[in-house]
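Trainee: Curious how this folds, go ahead:
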Amino acid sequence: MNSRQGAGAYARVGVESAVMSADPHQLIVMLFDGAQAAIGSARLHMQDGNRSAKGLAISKAIDIVNNGLAAALDHERGGEIAENLTQLYDYVARLLVQANLRDDVNQLDLAASLLDNIGSGWRELRHSPAASSLAGV
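Mentor: From the prediction side, this is the model:
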């Protein structure tokens with residue numbers, strides 16, 4: 001095993017350990033971080049002309065948005081907020097698809113900006129008494 005493979009294995013164990021010990025709020029924040037990392041990777045691959053790696057990174061970001069963030073929404077308790085977030089996550093996913101199809105870094109940046117705004121809100125909630133009740137929004 002070379003050092004790069006070893007570092008990758010070490011990182012995966014670290015991520016798995018963090019996920020296992022995280023509360024629902026921390027998991028949501030980790031999803032935002034993962035989506036941002038995937039978008040950043042896609043941006044680099046787009047600039048390098050590596051279409052295959054760009055597509056994989058964008059697919060990962062879309063998966064996090066659709067099957068992580070959107071799937072975590074509790075529509076019963078979240079009401080209008082959950083519905084608005086659903087629509088916003090759908091829009092972000094469409095931006096990512098269009099960024100992939102058109103090699104459009106501006107759409108990647110818009111998706112990243114929207115996710116950053118929502119993610120910042122989640123980070124600020126961490127210190128709020130309402131955080132535990134909203135973790136399932």
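Trainee: Just to check, Ala70 is in contact with Tyr91?
Mentor: No - contact between Ala70 and Tyr91 fails when scored by Cβ atoms under 8 Å: they sit 11.1 Å apart. (Each C-beta comes from the backbone N, C-alpha and C, glycine too.)
Trainee: Of those two, which one has the most company?
Mentor: Ala70 (19 against 14; other Cβ atoms under 10 Å).
Trainee: Quick check: chain neighbours aside, which residue is closest to that one?
Mentor: Tyr89 (4.2 Å; Cβ to Cβ, 6 or more residues apart in numbering).
Trainee: can you list the weak-confidence ranges in the protein?
Mentor: Filtered on pLDDT under 70, the chain yields the residue ranges 1-22, 127-137.
Trainee: cutoff 90 now
Mentor: For the chain, the stretches flagged by pLDDT under 90 are 1-27, 78, 121-137.
Trainee: Longest helix in it, please.
Mentor: For the chain, the helix with the greatest residue count under DSSP state H is helix 75-102.
Trainee: For the residue nearest to Ala70, list the residues it contacts.
Mentor: Val65, Asn66, Leu69, Ala70 (Cβ atoms under 8 Å, 6 or more residues apart in numbering).
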